[in-house]
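Student: let me see the structure of the following:
(chains A, B, C and D, ligands or ions: 4)
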Amino acid sequence: MDTTLCVEQSQTAEAADIVAMPKERTLTYTEAIREATDMEMARDPNVIVFGLDVDDPKAIQGTTKGLLDKYGSERVFGTPLSEDAMTGVAIGAALAGLRPIHVHIRMDFLMLSMNQLVNVGAKSSYMFGGAVHVPLVVRSMIGKSWGQGAQHSQGLYSYFMHVPGMKVVCPTTPYDAKGCLIEAVRDDNPVMFVEHRILHFQKGPVPAASYTVAPGKARITAEGDDITLVGISYMQLECLRAQRYLADVGINAEVIDPIWLAPLDIDTIAASVRKTGKLCVVDNGWTTCGASAEIVAQVLERLQGTRDIRVMRMGFANTACPTSPTLEAEFYPDARRVASAAYDMVHGRKKNWMPEERVDLRQIEFKGPF
Amino acid sequence: MDTTLCVEQSQTAEAADIVAMPKERTLTYTEAIREATDMEMARDPNVIVFGLDVDDPKAIQGTTKGLLDKYGSERVFGTPLSEDAMTGVAIGAALAGLRPIHVHIRMDFLMLSMNQLVNVGAKSSYMFGGAVHVPLVVRSMIGKSWGQGAQHSQGLYSYFMHVPGMKVVCPTTPYDAKGCLIEAVRDDNPVMFVEHRILHFQKGPVPAASYTVAPGKARITAEGDDITLVGISYMQLECLRAQRYLADVGINAEVIDPIWLAPLDIDTIAASVRKTGKLCVVDNGWTTCGASAEIVAQVLERLQGTRDIRVMRMGFANTACPTSPTLEAEFYPDARRVASAAYDMVHGRKKNWMPEERVDLRQIEFKGPF
Amino acid sequence: MHEQFYKSLFRIRRVEEEIARIYPTDKLKSPVHLSIGQEAVSVAVCEALRPEDVCFGTYRSHAMYLAKGGDINGMVAEMYGKQTGCTKGKGGSMHLVDTKAGVMGTSAVVGTTIANAVGYAYAMKLQRKKVVTTVFFGDGATEEGVFPESLNFAVLKNLPVLFICENNGYAIHTSQAKRQGHPHITERAKAAGVQSSCVEDNDCLELHGQVKSAVEAMRAGTSGPRFFECKTYRWKEHVGPNEDFGLGYRTPSEAKRWIENDQVTKIAALVPEATRKAIEAEVEAEVKAAFEFAEASPFPDVSELMTDVFHTPCAATPSEAVRKAA
Amino acid sequence: MHEQFYKSLFRIRRVEEEIARIYPTDKLKSPVHLSIGQEAVSVAVCEALRPEDVCFGTYRSHAMYLAKGGDINGMVAEMYGKQTGCTKGKGGSMHLVDTKAGVMGTSAVVGTTIANAVGYAYAMKLQRKKVVTTVFFGDGATEEGVFPESLNFAVLKNLPVLFICENNGYAIHTSQAKRQGHPHITERAKAAGVQSSCVEDNDCLELHGQVKSAVEAMRAGTSGPRFFECKTYRWKEHVGPNEDFGLGYRTPSEAKRWIENDQVTKIAALVPEATRKAIEAEVEAEVKAAFEFAEASPFPDVSELMTDVFHTPCAATPSEAVRKAA
Ligand SMILES: Cc1ncc(C[n+]2csc(CCOP(=O)(O)OP(=O)(O)O)c2C)c(N)n1
Ligand SMILES: Cc1ncc(C[n+]2csc(CCOP(=O)(O)OP(=O)(O)O)c2C)c(N)n1
Ligand SMILES: [Mg+2]
Ligand SMILES: [Mg+2]
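Tutor: Ligands and ions are numbered 1, 2, ... in the order given. Have a look, this model is predicted:
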């Protein structure tokens, strides 16, 4: 991924210093998360990190590496295999004023935490009339490729967009990973922080100072007038690649990274579609009742009566994720298929164009076992 | 509710006899469910019914009344308070060829069953390459009013629309309650059968014979040319009432009951909107990433480029459900507010019209404790 | 001590009797899960706690709320759905809270607060606060996976948390024996590694004595989690103001022994009559005032609907596209 | 009997060794959770079962699948992601199935199949089938709420279900003691009311003997659920083909006693050399053939992507509006 993309300046007061910082420092996404966690733990003794295997030798792809040594086993600890209770523990600790970061190596496992997240975490502030609040961050990761299969590959964030009382963020760059995590930790509400295993390998500029990336602000990651591509989570990368393929044939796609799905910056997306008239949302999950459905519906609500629009949703095929490489390849949208679909939208009909694969725009190959 | 609405003839081969049946027989929604269950249990010894309190004196609002005596405690039984494992038990029993109907008195409690439903039930057929299947029916009920509050009022069916491999049905009439439940029991896949506590009190014509209401077919419950109202679950009633209010002022609303949300009959909905140009989806849940988002997105996908459309979503306010009557009234869409919104859509601008409440269109009052 | 116990017991009983009396008027549009008959457990436990100690409960927690010092006006007004209620009319009878009194909240989904209490206790331990965290739950809740999961974590981290199981023998209308293959909750708690005991007969003073020494040990840092199975009995229906022997799932004769052993009456007998009369008069006045307060209070304004969804208001959506970096 | 045991043990070991050998070629694009070192448990249990008996397992169930008689070609081809795999390339190594052999499926979410097995056993009992249902799971799975919830229901309904806990002391890289406050799984199973025992030392024959008599009692209708905690040890890394002593969470010296007690070697010694050689030759040929079969098999066609989502194809959406009744 192009590391010159996506660095935005002075989003917050604090970020003012960043402008002065040298831009060269480059981190991986995992390092950015580790650094954000470390800085927040150093800043606030109420920040704790726990979850299955956060303190083991692999340290959640390195995202929690060294934290145990630095902050001790009271603030950094692995847990029993008890997602339901441990989510309840996280909420209880948050009610008491801690700021837990609860880590799940797969988003799929959150299905065991739904009762606490949906029925308790998201609702406590409201149903107790503001007497309490739940400053909780849940980090969860989406798997992809190498036969992860049906139960290790889901991007289920729309569940948390659906229920009021939670925020949802899917940073795609190391810069945003750090800034959004710091923001999430400081937020007084439950925040679902969604990572993607392939994004973990991304490198990009990350200021050494502390900064936050505020909720409810999308980022235009490439400007264009012909079509709007909204890429969520890992699909942001595929959209940026698709943008290059399209540029090769003279189509200027505007690419938007929503970053935060709740609150959602529909202003930025709608403004773009007002300009381009065409919206393709590429999601890293299923489309039915997913983030892409919401974005399409909101854009239409905004623009109806002002201009004619064309929309398209792309996402996981409407099935569980298969493991065989041939089926897996078909299951996910990718840059070339996004480009092909966008090409058709721009031309207003099916053209059966598919770009030749460019080596520089090829997907990162993930090598297992996991 | 008008009992002449909604009886459809000969949807299935079996239903052919129904045409000959006298139409007068009237049942409540709960009686219709009880009858469907009874008939299927009599027909197929593999049908079993279980869930918390299905065998207690209140028998889930009477929906399971008498079944214990008739079929014995092996086929009709209450369970421990263990939604997670009992859902797994239901799936395991279904894998072995039983056709369990697993009953939950509140949809909210399904949050404890999400892992089994989403990660196992919905996926088993696919991830085992068709070697197994899960003929499971999950009955769950949505609560409303009398201070049910944040944790006893949710309509979370969009979660089950989102994940491939499940069917979702929300019958609104006694006729459909019976026909859809029989269909669900005979379906070889997991079916989420969504009831609503207020619908339980509805009466309507129900043929005594066995019949099914097929998946993927919506029903036009009132014809009109001016606007399309899609009412989901309990909100179907409010839409039908809104239709009357609108008729009083000369607006002909077409009202559609999707019945099945997965598979969704978008053909019927899109055909109506092609005619009216205006779509208002009134949902019995939150709108963000909800069924209403999906319906709006799909209608736009169908009709884009063919005609200009106007859309609106109504649903739960974007907060947890409050308990105080004043706040509760504001939390839910109702007939008059639906009518008012539709009026604005038809007139193309805000008119601040709100019909006087008609006694015959007033909501059924639910009297607690529950 | 008996005076205090009696006042607390009598006060809970009277508040709930008033709820039951007024219920048919439909002014309390709230599901009410009465504790009548079970008050002794909450009183025995809460009398061993300090104001800064914290309790979590369930939909059946009127008794705990009052015993722990929760504001009576806030509770009654809440049931009326009034703005002055302890959650401003947002939570109703099943979501009582009074953080000043250490009532950290109750839940309508069985079992959920067990884990929340353990998390709270973890925070207290980490912050080196000498706070004891208690959670009340029913026999039914012990069937939920969250119960053993929570016990395990509490033992693993040796947390100062008090698990109080109010075993009234039923979950709604289903007896414990119909739900538990091996209906010995205390044994299960012990197998999880929690020091546990079972107190029969709803005995307020016996339970209090045991809980008191457990709590003292926790404060002294010499005890980890403790579990108490408290046998008790619900006199009224599961939810609502009435008796329910007509339903047939239990008999009046089963109830008899519990009613004869009523702890409100038992403890009353230990208080000199004059003191008792004074307590009763004081409580009656307080209860009367609470219901008057509730009746007189306004309903929340509709503008309240969308407040408190988030603790700090959600950042406004920016109205222009975000500038891309140069 | 020893011949049969040896064949089964050796066959599992060799298949997994082949998987490990071929893994670096990246032909098996599948996470593999090897059972090497743990084979004895699956063999001991499955040798007590009949073909019509049913097993459920986890992502670490190559051993169970083979021991229960699952088709070896289908398993290896599945890991290669081929159309001829036991799930046609849809499930991969973590979702093995062979219903003909009574392998009802394995899951990648810890604990899930425990409840599924109990439900299956319920169906068998209801249908008066003399089938024993077994579920294999790890020590980590016993921390999930689904474990006690499932035990409770199995006891309540007195179901013929065999709970086999393969306690290898670790969940990924975390030892049992770091996860369980009171690391005595058998005690917890007993407290749930399940007749339970613990077999130390990965002892194949000892475990077999105990399981056999449990299974016979179940078939005779004289036993409800049974629980066995089987102490064993994983030689390789949690997932993948390598050793992992370099990670530092466990030591080679800890492994030493288990490796010295290798049941493949132990049982081999009980088989006459000539028989042993014949078995080994037969197995080697079978394993070789399985990998050749997998290599030669085609990948699934992309048209397979959307099949099997539903058991019967979803009813087509009707293309006209549904007629309203007259
Ligand atoms: C998770 C969940 N499942 C089911 C219910 C429905 N329900 C409400 S109260 C109750 C009985 C609980 O029994 P117990 O824990 O013994 O408490 P008690 O009411 O006897 O005080 C049930 C099943 C619920 N509220 N939450
Ligand atoms: C519900 C759930 N939580 C977490 C994981 C991640 N995970 C995969 S295997 C594993 C360890 C399980 O340990 P154990 O049950 O002892 O089985 P073993 O791998 O030792 O055979 C974990 C935590 C998972 N797959 N499912
Ligand atoms: Mg009880
Ligand atoms: Mg293990």
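
Student: and the lengthiest helix in chain C, which residues are buried?
Tutor: Longest helix in chain C by number of residues (criterion: DSSP state H): helix C:273-296. Buried residues in helix C:273-296, counted by 16 or more other C-beta atoms under 10 Å in any protein chain shown: C:276, C:279-280, C:283, C:287, C:290-291, C:293-294. Yep, even glycine has a C-beta here, placed from its N, CA and C like the rest.

Student: what distance separates it from the middle of the whole chain?
Tutor: How far helix C:273-296 lies from its chain's middle: 21 Å, per C-alpha atoms, centre = their mean, to the nearest Å.

Student: around whichever residue of the stretch 101-250 of chain A sits closest to ligand 2, count how many other residues there are.
Tutor: Residue nearest to ligand 2 within the stretch 101-250 of chain A: residue A:109 (4.5 Å; C-beta to the nearest ligand atom). Residues within reach of residue A:109, counting by other C-beta atoms under 10 Å in any protein chain shown, total 23.

Student: confirm that it sits in a helix.
Tutor: Yes: membership of residue A:109 in a helix is supported by DSSP: H, G, I helix; E, B strand; the rest coil.

Student: ok, back up a step: got the contact list for the longest helix of chain C?
Tutor: Outside helix C:273-296, the residues that touch it by C-beta atoms under 8 Å, 6 or more residues apart in numbering or on different chains are C:3, C:6-7, C:10-11, C:14-15, C:18, C:22, C:27, C:72-73, C:75-77, C:79-80, C:82, C:84-85, C:268, C:271.

Student: swap in stretch A:274-282?
Tutor: With C-beta under 8 Å, 6+ apart as the contact definition, stretch A:274-282 has outside contacts at A:224-232, A:235, A:238-239, A:242, A:254, A:269, A:272-273, A:291-292, A:295-296, A:299, A:303, A:306-315, A:333, A:338, A:341-342, A:345-346.

Student: on that earlier part again, which residues touch the residue of the stretch 101-250 of chain A closest to ligand 2?
Tutor: With C-beta under 8 Å, 6+ apart, residue A:109 has these contacts: A:83, A:140, B:115, D:109.

Student: the second one and residue A:106 touch, don't they?
Tutor: Yes: with contact taken as C-beta atoms under 8 Å, residue A:140 and residue A:106 are classed as touching, separated by 7.1 Å.

Student: for ligand 3, what is the nearest residue in the stretch 151-300 of chain C?
Tutor: Here the stretch 151-300 of chain C gets closest to ligand 3 at one residue, residue C:168, 4.3 Å apart by C-beta to the ion.

Student: distance of the closest residue to that residue other than its chain neighbours relative to chain D?
Tutor: Nearest residue to residue C:168 in three dimensions, chain neighbours excluded: residue C:234, at 4.6 Å (C-beta to C-beta, 6 or more residues apart in numbering or on different chains). The gap separating residue C:234 from chain D is 22 Å, by C-beta to the nearest C-beta, to the nearest Å.

Student: residue C:234: neighbour count?
Tutor: Neighbours around residue C:234, by other C-beta under 10 Å: 22.

Student: my guess is it meets residue C:167, correct?
Tutor: No: counting by C-beta under 8 Å, residue C:234 stays clear of residue C:167, with 10.6 Å between them.

Student: how many other residues sit next to the closest residue to residue C:171 other than its chain neighbours?
Tutor: Setting aside the residues directly before and after it, residue C:171 is nearest to residue C:140 in space (C-beta to C-beta, 6+ apart), at 3.2 Å. Look at residue C:140: counted by other C-beta under 10 Å, it has 25 neighbours.

Student: OK, contacts around residue C:140?
Tutor: For residue C:140, the contacting residues are B:81, C:110, C:170-172, C:179, by C-beta under 8 Å, 6+ apart.

Student: ok, now with 10 Å
Tutor: Residue C:140 is in contact with B:52, B:80-82, C:58, C:110-111, C:147, C:165, C:167-168, C:170-172, C:174, C:176, C:179-180, counting by C-beta atoms under 10 Å, 6 or more residues apart in numbering or on different chains.

Student: from chain C, how far out is the residue of chain A found nearest ligand 4?
Tutor: Here chain A gets closest to ligand 4 at one residue, residue A:81, 9.6 Å apart by C-beta to the ion. As judged by C-beta to the nearest C-beta, residue A:81 and chain C stand 9 Å apart.
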